[in-house]
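Asker: Fold the following, please.
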Amino acid sequence: MSALRHWVPALFVLLAAYPFFPFAEANRGEQFTILFIYAILALGLNVIIGYTGLLHLGIAAFFGLGAYTVGILTVPFFPFQQSFLVAAIAATLFASFVGVVTTAPILRLRGDYLALVTLGFGLIALYAIRNLDAITEGTKGLNPIDAGPFPGVKENVDLSDYQVNSEWGIRWYKYPYLYFLALGVLGSVMLFLRNLEQSRLGRAWVALREDELAASCMGLNPARLKLAAIAIGAGLAGLAGAFYAMSLRTTGNPATYDFTLSMIMVCCIILGGLGNRPGVLLGVFLLMGFDRIATNILDNWLQEQLGTGGKNYEKISGWKLMIFGVVLILMMRFRPEGLLPEARVKRELHDEESKPA
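Answerer: Below is the predicted model of the structure:
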């Protein structure tokens, strides 16, 4: 069991070495990059739900704000033409600012009422993106995003001057360079949140989550603590959105940032373990990894083995939503604390069961 405590560093080492393996594929590596981005998004939501206990159902809106901020600051359609570094910082700060501004008026709400309001904010943001055609290009999205990595570094590269390896691109936003960058940012976020958990602010969040009245009686300011959690969580979501837009070189269809994405991130947190960073990471890799990687592998395998005609009900991908639902029901029934629960949550759920009648 002691060896399992170090599985997260071992996983990061393995992922860092993956592009050098003989069997590594560029397409699979790009899918891993998307998983890293979703992991950053889920970790941001975990700050809000797992640390502070605020049920937020609009995290996808901040994800979309980050993506569109990068799009506006980098595409040729607008005159800004900023580097990705500047655009990513702006996306993080803007998402954090919007999170604080939209949450400040509803701090008195709790539980289901807060969840409904954040759900409404997510829907408003989605429809605003769709209908502000002059800024967002509507359902077409902003593209192409060809920003340089740093200020003063351009992406005007003449490909004819290079012997291009099909697996290793020469542009910084191609595999495996963006893969390494997203992995490094994910590792930095994990370390940042670990230190934050052990800080005075992190302990105050836990106190707020356990009992807001008791926390306020001890001199803590619930309003400031909630706004701090929203600011950090929304900022991380904006950062994830910035990387998402850069990885696709477009903001994509606004439907990408709808309520479904918010709920999937909530499911990742529940599956992995509420409030536990490694658990959230595991939940994203299991749920999103199954959705984006495993289903394609299984579909291809079934087609080879059974010679299926490609009908939807003959594919694993056609049943994945049902599989997700069954897994979540079983988790809620037999392991409500998640696969890797936080120690405090595990004690709360199981100490009563272990006591003699």
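
Asker: Counting by contacts, list what the helix or strand that contains Met263 packs against.
Answerer: Met263 belongs to helix 259-272 when elements are defined using DSSP states H and E. Secondary-structure packing of helix 259-272 (3 or more Cβ pairs under 8 Å, 6 or more residues apart in numbering; DSSP states H and E): helix 26-46, helix 59-74, helix 111-131, helix 277-289, helix 320-334. Glycine gets a C-beta too; all of them are placed from N, C-alpha and C.

Asker: Next, the angle from it to helix 111-131.
Answerer: Relative orientation of helix 259-272 versus helix 111-131 (axes from the mean of the first three to the mean of the last three Cα atoms, to 10 degrees): 140 degrees.

Asker: Can you list the buried residues in helix 259-272?
Answerer: Neighbour counts over helix 259-272 (16 or more other Cβ atoms under 10 Å) mark 261-262, 264-272 as buried.

Asker: circling back: least reliable of the helices and strands packed on helix 259-272 going by mean pLDDT?
Answerer: Lowest mean pLDDT within the helices and strands packed on helix 259-272: helix 320-334, a mean of 86.

Asker: mind listing what's buried in it?
Answerer: Buried residues in helix 320-334, counting neighbours by 16+ other Cβ under 10 Å, are found at 320, 324, 331.

Asker: Who are the contact partners of the last one?
Answerer: In other words, Met331. 270-271, 338-339 (Cβ atoms under 8 Å, 6 or more residues apart in numbering).

Asker: And Val117, by the same measure?
Answerer: Residues in contact with Val117 (Cβ under 8 Å, 6+ apart) are 106, 109.

Asker: Leu236 versus that one, what's the distance?
Answerer: Distance of Val117 to Leu236, given as Cβ to Cβ, to the nearest Å: 21 Å.

Asker: Equivalent analysis for Thr118, please.
Answerer: Counting by Cβ to Cβ, the separation of Thr118 from Leu236 is 16 Å.

Asker: Which residue ranges of the stretch 51-200 of the chain form helices?
Answerer: 59-74, 84-103, 111-131, 133-136, 177-198, 200-210 (DSSP state H, counting those that start in this stretch).

Asker: Please identify the most buried of the ones you listed.
Answerer: With neighbours defined as mean count of other Cβ atoms under 10 Å, the helices of the stretch 51-200 of the chain peak in mean count at helix 59-74, which reaches a mean of 29.

Asker: Quick one: list the elements packing against that helix.
Answerer: Contact analysis of helix 59-74 by 3+ Cβ pairs under 8 Å, 6+ apart lists helix 26-46, helix 84-103, helix 111-131, helix 133-136, helix 222-248, helix 259-272 as its packing neighbours.

Asker: can you redo the ones you listed as JSON lines with distance to Pro278?
Answerer: Output for the helices and strands packed on helix 59-74, formatted as JSON lines (distance: least, Cβ to Cβ, whole Å):
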{"stretch": "helix 26-46", "distance to Pro278": "11"}
{"stretch": "helix 84-103", "distance to Pro278": "23"}
{"stretch": "helix 111-131", "distance to Pro278": "26"}
{"stretch": "helix 133-136", "distance to Pro278": "36"}
{"stretch": "helix 222-248", "distance to Pro278": "17"}
{"stretch": "helix 259-272", "distance to Pro278": "8"}
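
Asker: Out of those helices, which gets nearest to Leu186?
Answerer: Checking those against Leu186 by Cβ to Cβ gives helix 26-46 as the closest, at 4.7 Å.

Asker: Tell me what angle that closest one forms with helix 84-103.
Answerer: Going by the same axes, to 10 degrees, helix 26-46 is angled at 30 degrees with respect to helix 84-103.

Asker: In helix 26-46, which residues are buried?
Answerer: Using 16+ other Cβ under 10 Å as the test for burial, helix 26-46 gives 26, 28-46.

Asker: can you check stretch 242-260 too?
Answerer: By 16+ other Cβ under 10 Å, the buried positions in stretch 242-260 come out as 242-252, 254, 256-258.

Asker: Report the rounded mean pLDDT for it.
Answerer: The model assigns stretch 242-260 a mean pLDDT of 94.

Asker: Leaving out chain neighbours, which residue sits closest to the residue most central in space within the chain?
Answerer: What sits nearest the mean C-alpha location of the chain, by Cα atoms, centre = their mean, is Leu41, with 2.0 Å. Spatial nearest neighbour of Leu41, chain neighbours left out: Ala240 (4.0 Å); criterion: Cβ to Cβ, 6 or more residues apart in numbering.

Asker: The one you found: neighbour count?
Answerer: Ala240 has 33 neighbouring residues, counting by other Cβ atoms under 10 Å.

Asker: now Pro76
Answerer: Pro76 is flanked by 10 other residues according to other Cβ under 10 Å.

Asker: Then Gln82?
Answerer: Count around Gln82 with other Cβ under 10 Å applied: 18.

Asker: contacting residues around it?
Answerer: Taking Cβ under 8 Å, 6+ apart, we find Gln82 in contact with 73-74, 90, 147, 151.

Asker: Now distance to Leu123 too, for the residues you listed, in TSV please.
Answerer: As requested, those are exported to TSV (distance: Cβ to Cβ, whole Å):
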residue	distance to Leu123
Leu73	25
Thr74	27
Ala90	25
Ala147	30
Pro151	36
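
Asker: of the residues you listed, closest to Leu178?
Answerer: After measuring the contacts of Gln82 against Leu178 - Cβ to Cβ - the closest member comes out as Ala147, at 11.9 Å.
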